[in-house]
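Peer 1: Based on what follows, work out the 3D shape:
(one chain, ligands or ions: 2)
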Amino acid sequence: MVIINDTTLRDGEQTPGVAFTRREKVVLAEMLFQAGITHLEVGIPAMGDEECLTIAAIRKALPEATLMAWCRANKSEIKRTAELQLDWVDISIPSSKQMIEHKLKSSVDKLLANMLDCIRYAVSLGLQVCIGCEDASRAELDFLADIGALGSLAGAQRLRYADTLGLLEPFMVYKQIKQLSSEQPLPIEIHCHDDLGLATANTLAAIKAGASYANTTAIGLGERAGNAPLEEVAIALYQCYQQDTGINLTALPALCQAVSLAAGRPVAQQKSLVGEQVFTHESGIHVDGLVKDVRNYQGVDPQLLGRSHRLVLGKHSGIGAVQAVFARIGISLDKIQTDKLLIAVQAFAIDRKRNPSDIELLRLSDQVLGSF
Ligand SMILES: CC(=O)SCCNC(=O)CCNC(=O)[C@H](O)C(C)(C)COP(=O)(O)OP(=O)(O)OC[C@H]1O[C@@H](n2cnc3c(N)ncnc32)[C@H](O)[C@@H]1OP(=O)(O)O
Ligand SMILES: O=C(O)CCC(=O)C(=O)O
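Peer 2: Ligands and ions are numbered 1, 2, ... in the order given. Down below sits the predicted model:
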């Protein structure tokens, strides 16, 4: 079973302009945990005292959760993580030539020596270690395998493969993760960014290839285009691969709403699974099909998320939709009445560029058919 290690509270908060308060982070951590997401990356001790107090508050609120902090390959940051009584530290090391030479301005030998030193130190403090291979998608695979093999000997227990810049597509991810799984001993955690809109697909491909942990963020918050959205990965794993992640899927809409509010990032109406409109149907042929048998036009069952289908009337409505929607608000229509109201609701939608509400439908029926 794949374990979701959600990073809404770390990479999610790296969304430009997003700054959760301590209280928001604790409440969101509690909501994530209650939804069954028990592995959480909660912050970056290097950010300072306020971040550490927040991490400590999360630890106190969730003694049962498996909590991770993100650290550079830096002993004082690792020490702080241990003092905060977290379970895991992600020791991040740039793994591409580009970043080793032009960001860290280090040599491979120095990088590896420091990494091993930091891993041993973290283990000596009682931490479990995930090696965060930043920019893994631009690294040599042999080098990543060396990192995994050496890191494992030093006591690391997981290797994070980060597509830091969101460069990959699913077939390449599958190939890379399959090969990396066979060439080094550590379980792999996949961390995908959505720059090409492929983060969920890439996460699934990695899991298919053998990754046993996946990073997500609610509503896909995170650097630039964000990370793989928690709700998409959880539902896709359930629906496409029949994998139970232990997540209570019906808790996801409220969780996403809470994250959206705290982040100040509204969820787009058409955001898959949790957008307000994604189970709303206007087109005549779809509504007719749904009314006859919901399976005609249902890909994802909205009940999975505790949601339901909604039928509305507009420019694209047909006779069946008009009859079904008016029946729902207690008005049964004959053929002539239906034809008249169809013209009226189409004109309303074109004029106002929206669907009429139930009250407006009642008014329209009064205007077109006269009061009952
Ligand atoms: C891909 C990712 O998402 S990685 C996570 C990124 N997240 C963040 O940056 C958010 C939090 N960051 C911060 O609060 C700050 O950047 C801090 C506290 C971590 C560091 O702040 P500062 O000390 O002011 O350093 P600054 O941010 O300017 O530069 C980063 C330094 O870390 C170094 N660094 C970067 N990655 C690593 C690493 N994995 N291991 C060790 N050092 C690293 C850089 O080379 C640079 O060092 P230099 O100044 O000697 O060249
Ligand atoms: O270093 C890591 O653990 C991965 C960091 C990250 O968020 C990324 O590379 O996108």
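Peer 1: from here on, contacts and neighbour counts on C-alpha atoms
Peer 2: Fine.
Peer 1: Pull the contacting residues for residue 26.
Peer 2: By Cα atoms under 8 Å, 6 or more residues apart in numbering, the residues touching residue 26 are 54, 57, 58, 61.
Peer 1: buried set for the helix or strand where it lies?
Peer 2: Residue 26 is part of helix 22-34, with elements assigned from DSSP states H and E. Buried residues in helix 22-34, counted by 16 or more other Cα atoms under 10 Å: 22, 24, 25, 26, 27, 28, 29, 30, 31, 32, 33.
Peer 1: CA atoms only: put that helix into CSV for me.
Peer 2: Presented in CSV, the C-alpha positions along helix 22-34 are these (Å, rounded to 0.1, in the frame of the first residue of the first chain):
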residue,chain,number,x,y,z
ARG,A,22,0.5,28.8,13.8
ARG,A,23,-3.1,28.2,14.6
GLU,A,24,-4.0,27.5,11.0
LYS,A,25,-1.1,25.0,10.6
VAL,A,26,-2.2,23.1,13.8
VAL,A,27,-5.9,23.0,12.7
LEU,A,28,-4.9,21.9,9.1
ALA,A,29,-2.6,19.3,10.5
GLU,A,30,-5.4,18.0,12.7
MET,A,31,-7.8,18.0,9.7
LEU,A,32,-5.3,16.1,7.6
PHE,A,33,-4.8,13.6,10.4
GLN,A,34,-8.5,13.1,11.0
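Peer 1: What residues does the stretch 101-250 of the chain have near ligand 2?
Peer 2: Residues of the stretch 101-250 of the chain lying close to ligand 2 by Cα under 6 Å from any ligand atom are 132, 133, 134, 135, 162, 164.
Peer 1: what's the closest non-adjacent residue to the last one?
Peer 2: What that stands for is residue 164. residue 135 (4.9 Å; Cα to Cα, 6 or more residues apart in numbering).
Peer 1: Over to the fifth one?
Peer 2: Here the nearest residue to residue 162 in space, its sequence neighbours aside, is residue 191; by Cα to Cα, 6+ apart that works out to 4.6 Å.
Peer 1: Quick check: which element contains the one you found?
Peer 2: Counting by DSSP H and E, residue 191 is part of strand 188-192.
Peer 1: now for the helix or strand harbouring residue 341, which elements pack on it?
Peer 2: Assignment of secondary structure by DSSP H and E places residue 341 within helix 335-352. The contact analysis (3 or more Cα pairs under 8 Å, 6 or more residues apart in numbering; DSSP states H and E) places helix 335-352 against helix 319-328, helix 358-369.
Peer 1: need the contact list for the most centrally placed residue in the chain.
Peer 2: Nearest to the mean C-alpha position of the chain, counting by Cα atoms, centre = their mean, stands residue 229 at 1.8 Å. When contacts are counted by Cα under 8 Å, 6+ apart, residue 229 is found next to 199, 200, 216, 217, 218, 219, 220, 221.
Peer 1: let's go with 7 Å and repeat that
Peer 2: Shown in contact with residue 229 (Cα atoms under 7 Å, 6 or more residues apart in numbering): 200, 216, 217, 218, 219, 220.
Peer 1: So in terms of bridging, what pairs with the residue of the stretch 1-150 of the chain found nearest ligand 2?
Peer 2: Closest residue of the stretch 1-150 of the chain to ligand 2, Cα to the nearest ligand atom: residue 132 (3.4 Å). Beta-bridge partners of residue 132, counted by DSSP bridges, are residue 92, residue 160.
Peer 1: Find the nearest non-adjacent residue to residue 169, please.
Peer 2: Using Cα to Cα, 6+ apart and skipping the chain neighbours, the partner closest in space to residue 169 is residue 202 (6.1 Å).
Peer 1: Nearest residue to the closest residue to ligand 1 within the stretch 201-350 of the chain in space, please, no chain neighbours.
Peer 2: Proximity to ligand 1, evaluated over the stretch 201-350 of the chain using Cα to the nearest ligand atom, is greatest for residue 223 at 6.9 Å. Residue nearest to residue 223 in three dimensions, not counting chain neighbours: residue 15, with 5.0 Å by Cα to Cα, 6+ apart.
Peer 1: what's near enough to touch the one you found?
Peer 2: Contacts for residue 15 (Cα under 7 Å, 6+ apart) come out as 221, 222, 223, 224.
Peer 1: just the strands in the stretch 1-150 of the chain please.
Peer 2: Assigned by DSSP state E, counting those that start in this stretch, the strands in the stretch 1-150 of the chain fall at 3-6, 39-43, 66-72, 88-94, 128-134.
Peer 1: Over to the stretch 201-350 of the chain?
Peer 2: Remark: strands assigned in the stretch 201-350 of the chain by DSSP E, counting those that start in this stretch are 213-216, 280-281, 310-311.
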